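S.K.: Here's a sequence, model it:
(2 chains)
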Number of protein chains: 2
Amino acid sequence: MKMTKKERKYQLIQKKYAGRHLILEFYGCQKNLDSTKEIKKILLKAAKKCQATILSSKIYHFSPQGISAVVIIKESHLSIHTWPEYNYAAIDLFTCGKVSPEKAISELKKGFQPKFIQATLIKRGFLKF
Amino acid sequence: MKMTKKERKYQLIQKKYAGRHLILEFYGCQKNLDSTKEIKKILLKAAKKCQATILSSKIYHFSPQGISAVVIIKESHLSIHTWPEYNYAAIDLFTCGKVSPEKAISELKKGFQPKFIQATLIKRGFLKF
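M.R.: Residues are numbered from 1 along each chain as shown, chains lettered A, B, ... in the order given. Predicted structure coming up:
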């Protein structure tokens, strides 16, 4: 949806913030924390699930273990850093516009099968109080 | 510093967490929010300032304005999303190991000259309570 600058400003003031940032702590993950192939697949599925527009993705595997991956979306970014030795993954879903990061959680849960999730949603960029 | 798995586990339990995530809200920025060239320069300088090892960087300019950039570092990632129309930038510095994200703040302040900064430091991945 194309908006004029005035409409956009109005919309942002109504919403009061610029973006939504979902911080996920996945503990006790039972699979995929050290697989670049699977993590890329899971992240891209998660991005699609929340109807984000994917621009590019990058993934690194570290020695002896652990992965960092970032997917840049038109509506900001998704990132993951894994510590397979602790069955832990730090996931961030930063989105703006109509994209809801919460929608990606089911896909991420399915992919990593964590025993415990801590989810924190932060509204970023308060534009008017 | 190369550590054995046992040493690393001990160190992480001592520290109790896997990474440090500095969330910066830059309000009233007076420069560079819409310049890909400058933002790339500022982010890379910030990464060097906190002694991170840069692996790759990616930057996008949106129409009519606004930039998203991510620098993947060996110790996790740095990201920025800008809203030039509100003089606002959302910056995330996620680091692990010996890298201190706070050290990058001076470089970022110099680059964007914000009137007001909100900084929140989150410890990610509590491994033992």
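S.K.: so who does the most centrally placed residue in chain A touch?
M.R.: Central residue of chain A (CA atoms, centre = their mean): residue A:93, 2.2 Å from the mean position. With contacts defined as CB atoms under 8 Å, 6 or more residues apart in numbering or on different chains, residue A:93 is in contact with A:21, A:22, A:24, A:46, A:50, A:78, A:101, A:104. (Glycine included, C-beta is placed from N, CA and C.)
S.K.: hmm, stretch A:17-35 touching chain B?
M.R.: Yes - Stretch A:17-35 lies within reach of chain B by CB under 8 Å from any CB of the partner chain, at A:18, A:19, A:21, A:23, A:25.
S.K.: Inside strands: which ones of those residues?
M.R.: A:18, A:19, A:21, A:23, A:25 (DSSP state E).
S.K.: ok, the nearest residue to residue A:106 once chain neighbours are set aside - how many residues close by?
M.R.: Sequence neighbours aside, residue A:49 is the residue nearest to residue A:106 in space, at 7.1 Å (criterion: CB to CB, 6 or more residues apart in numbering or on different chains). Residue A:49 has 17 neighbouring residues, counting by other CB atoms under 10 Å in any protein chain shown.
S.K.: show me what contacts residue A:49?
M.R.: A:103, A:104, A:106, A:107.
S.K.: any idea how far residue A:117 is from residue B:30?
M.R.: Computed as CB to CB, to the nearest Å, the residue A:117 to residue B:30 distance reads 40 Å.
S.K.: Look at those two and report which has more neighbours.
M.R.: More crowded of residue A:117 and residue B:30, by other CB under 10 Å: residue A:117, with 17 against 10.
S.K.: That one reaches residue A:24, doesn't it?
M.R.: Yes - taking CB atoms under 8 Å as the definition, residue A:117 is a contact partner of residue A:24 at 6.4 Å.
S.K.: what do those two both touch?
M.R.: residue A:105.
S.K.: which residue ranges form the strands in chain A?
M.R.: A:17-27, A:54-61, A:67-73, A:76-83, A:88-96, A:116-126.
S.K.: Now mean pLDDT and distance to residue B:41 too, for those strands, in CSV please.
M.R.: Shown next, in CSV, are those (pLDDT from 0 to 100; distance: least, CB to CB, whole Å):
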stretch, mean pLDDT, distance to residue B:41
strand A:17-27, 96, 23
strand A:54-61, 97, 20
strand A:67-73, 98, 19
strand A:76-83, 98, 20
strand A:88-96, 97, 22
strand A:116-126, 95, 23
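S.K.: Would you indicate which residues of stretch A:73-88 are buried?
M.R.: The neighbour-count check on stretch A:73-88 (16 or more other CB atoms under 10 Å in any protein chain shown) flags A:73, A:75-88 as buried.
S.K.: near chain B too, which of those?
M.R.: Okay, of those touching chain B (CB under 8 Å from any CB), that's A:76, A:77, A:79, A:81, A:83, A:85, A:86, A:88.
S.K.: In space, what's closest to the first one - neighbours in sequence excluded?
M.R.: I take that to be residue A:76. residue A:94 (4.1 Å).
S.K.: What's opposite residue A:79 in the beta bridge?
M.R.: Counting by DSSP bridges, residue A:79 forms beta bridges with residue A:70, residue A:92.
S.K.: next one: residue A:58
M.R.: residue A:70.
S.K.: thinking residue A:17 is in contact with residue A:126, fair?
M.R.: Yes - Residue A:17 is within contact range of residue A:126, at 5.3 Å (criterion: CB under 8 Å).
S.K.: Pick out whichever of those two has more residues nearby.
M.R.: It is residue A:17, of residue A:17 and residue A:126, that has more neighbours when counted by other CB under 10 Å, with 18 against 14.
S.K.: hey, what's the spatially closest residue to that one that is not a sequence neighbour bridged with?
M.R.: In space, residue A:17 comes closest to residue A:123 once its chain neighbours are excluded; the distance is 4.1 Å by CB to CB, 6+ apart. Legend: beta-bridge partners of residue A:123 under DSSP bridges are residue A:20.
S.K.: Many thanks, we can stop here.
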